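Asks: here are the coordinates; sequence isn't available:
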């Protein structure tokens with residue numbers, strides 16, 4: 001049984017809540033204020049009208065059947081007017097005009113109350129004077145909903161003065177019981193109005209404070225929103241400017257990129273042309289060198305054979321000059337061949353085991369005539385002696401020949417020393433008593449076709465390729 005009652009009450013509660021929500025939804029369609037306190041006031045105003053309207057209709061029917069016909073005129077006028085005012089108030093509430101609805105309630109209650117006393121006084125018909133307090137309380141509640149404390153004080157004072165005035169106005173009634181009832185009703189009304197006023201005054205004070213705080217909070221939020229909006233606008237403008245700058249820079253980068261692509265294409269074409277020209281030059285030099293070596297070998301060989309025969313001293317000197325010039329030209333051509341071979345990457349490193357001393361025995365005699373003609377000395381030293389090394393015999397010989405040839409060419413007097421040290425590496429040192437090299441030119445002597453700025457150097461034959469060939473061969477052998 002208890003469970004059934006609980007379920008019934010729960011369903012009843014759900015139904016009442018649904019009715020409440022639907023009624024508020026119907027009346028608040030034109031109302032957009034989202035402040036909690038204002039919405040509570042509007043809700044109270046709606047429910048006051050909705051409850052009072054059927055109560056007054058029921059009260060009207062009860063008075064019709066309870067009172068004699070002579071009293072029905074005043075009852076119909078007062079109660080019907082109050083019912084009409086409540087209906088008008090509901091219509092205004094539906095349209096969102098809550099302040100006008102409260103004002104009409106105050107006006108109607110005031111007029112009907114005065115009219116009721118006048119009917120009572122002159123027609124001697126009971127018009128519901130005892131319900132004046134209820135109407136006054138209702139009017140004060142409506143006033144409290146949308147009025148300040150000052151307006152509440154004025155309205156309460158009006159009702160107190162009105163109540164007391166009506167009492168003195170009706171004091172001439174002949175029936176003593178009427179005097180007592182009027183006095184009693186007046187005192188009750190005044191006390192009730194004071195009590196309601198004190199309660200509503202404090203409630204309105206709290207409400208006004210809350211509204212003031214809500215208003216300040218709204219102003220602060222509005223200011224914050226305005227400030228935030230300004231910051232957002234500034235940030236948006238700044239981002240737009242930065243985006244414009246970025247787009248401009250991107251366009252510049254695209255232009256630079258296009259220019260670089262064009263330049264790279266031009267450089268690539270120039271590189272290919274240079275490589276083709278270099279290859280053509282190398283082929284030309286190689287062909288020319290090969291073609292020149294054959295007659296030069298014949299000239300050098302024939303001049304050497306003729307020098308072994310008996311000729312006058314003047315002729316022997318001429319033959320020596322021919323042979324010497326041919327040998328110089330042969331060395332130049334050999335340097336050109338070696339240089340073009342290295343430039344075209346046609347040289348290869350072929351390592352093998354060989355005796356360094358035996359290699360020197362084949363190299364050194366080739367410089368005998370040059371050494372003797374310039375009265376120079378050439379000494380060699382290998383540490384340790386009779387060393388067997390693993391390297392490219394031909395390239396090691398080429399390095400030694402070019403270094404010694406360079407020293408012999410630029411040494412006027414004195415001697416040349418060749419020191420070879422064998423450890424984990426092969427270290428070749430050539431020192432001479434020649435003209436020397438300026439420190440500023442040391443880095444440039446290994447460049448092709450480079451010769452130091454000296455009168456003596458300029459008087460010697462050569463293309464400036466010897467040390468460049470040595471440097472490139474050593475690099476190919478991973479040396480330094």
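Replies: Perfect, I can see it now. Treat the numbers as computed from the prediction; the structure is a model and nothing was measured.
Asks: tell me the secondary structure of residue 424, please.
Replies: Here residue 424 is recorded as coil under DSSP: H, G, I helix; E, B strand; the rest coil.
Asks: following the helix or strand containing residue 295 in sequence, what is the next regular element?
Replies: Per DSSP states H and E: residue 295 is located in helix 176-307. Toward the C-terminal end, the helix or strand that comes next after helix 176-307 (DSSP H and E) is helix 313-343.
Asks: give the next helix or strand downstream of that next one.
Replies: The helix or strand immediately downstream of helix 313-343 is strand 352-355, counting by DSSP H and E.
Asks: direction included, what does that next one pair against?
Replies: Each strand paired with strand 352-355, and its direction, by DSSP bridges: strand 388-391 (antiparallel).
Asks: quick one, what contacts the nearest residue to residue 377 once chain neighbours are set aside?
Replies: Distances taken as C-beta to C-beta, 6 or more residues apart in numbering put residue 415 closest to residue 377, at 3.5 Å, once the chain neighbours are dropped. Glycine gets a C-beta too; all of them are placed from N, C-alpha and C. Applying C-beta atoms under 8 Å, 6 or more residues apart in numbering to residue 415 gives the contacts 376-379, 432-433.
Asks: mind checking how far residue 414 is from residue 371?
Replies: Counting by C-beta to C-beta, to the nearest Å, the gap from residue 414 to residue 371 is 11 Å.
Asks: now for the two: what residues contact both?
Replies: The contact lists of residue 414 and residue 371 share residue 377, where a contact means C-beta under 8 Å, 6+ apart.
Asks: higher neighbour count, these two?
Replies: Higher neighbour count among residue 414 and residue 371: residue 371, with 17 against 12, using other C-beta atoms under 10 Å.
Asks: which residues are in contact with the more buried one?
Replies: 377-378, 408, 416.
Asks: rounded mean pLDDT for whichever strand or helix holds it, please.
Replies: For residue 371, the host element (DSSP H and E) is helix 368-373. Summarised as a single mean, pLDDT over helix 368-373 is 81.
Asks: buried set for it?
Replies: Neighbour counts over helix 368-373 (16 or more other C-beta atoms under 10 Å) mark 370-371 as buried.
Asks: low-confidence ranges, the stretch 301-450 of the chain, go.
Replies: For the stretch 301-450 of the chain, the stretches flagged by pLDDT under 70 are 324, 327-328, 330-331, 336, 344-346, 447-450.
Asks: so residue 389 is in contact with residue 424, correct?
Replies: No - in this structure residue 389 lies outside contact range of residue 424 using C-beta atoms under 8 Å: 10.8 Å.
Asks: look at the two and report which has more neighbours.
Replies: residue 389 (17 against 5).
Asks: show me the contacts for the more buried one.
Replies: Contact analysis of residue 389 by C-beta under 8 Å, 6+ apart lists 353-354, 356, 396, 422, 426.
Asks: mind putting those residues in CSV, distance to residue 437 and neighbour count included?
Replies: Below are the contacts of residue 389 laid out as CSV (distance: C-beta to C-beta, whole Å; neighbours: other C-beta atoms under 10 Å):
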residue, distance to residue 437, neighbour count
353, 35, 9
354, 31, 18
356, 27, 23
396, 24, 20
422, 27, 15
426, 23, 17
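Asks: in JSON lines, list those residues along with distance to residue 363.
Replies: As requested, these are exported to JSON lines (distance: C-beta to C-beta, whole Å):
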{"residue": "353", "distance to residue 363": "18"}
{"residue": "354", "distance to residue 363": "12"}
{"residue": "356", "distance to residue 363": "10"}
{"residue": "396", "distance to residue 363": "10"}
{"residue": "422", "distance to residue 363": "16"}
{"residue": "426", "distance to residue 363": "15"}
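Asks: pick out whichever of these sits closest to residue 92.
Replies: Residue 92 lies nearest to residue 426 out of the contacts of residue 389, by C-beta to C-beta, at 116.6 Å.
Asks: look up the residues forming beta bridges with that closest one.
Replies: For residue 426, the beta-bridge partners are residue 422 (DSSP bridges).
Asks: from residue 478, how far off is it?
Replies: Distance from residue 426 to residue 478, by C-beta to C-beta: 12 Å.
Asks: just residue 58 next, same as before
Replies: Distance from residue 58 to residue 478, by C-beta to C-beta: 120 Å.
Asks: who has more neighbours, those two?
Replies: The residue with more neighbours, out of residue 58 and residue 478, is residue 58; 10 against 7, by other C-beta under 10 Å.
Asks: next up, the contacts around that one.
Replies: Listed by C-beta under 8 Å, 6+ apart, residue 58 has no contact partners.
Asks: looking only at pLDDT, what's the mean for the helix or strand that contains it?
Replies: Under the criterion of DSSP H and E, residue 58 resides in helix 36-66. Helix 36-66 comes out with an average pLDDT of 65.
Asks: and for stretch 243-262?
Replies: Per-residue scores along stretch 243-262 average to 88.
Asks: mind listing what's buried in that stretch?
Replies: Of the residues in stretch 243-262, none is buried (16+ other C-beta under 10 Å).
Asks: thanks again, I'm all set now.
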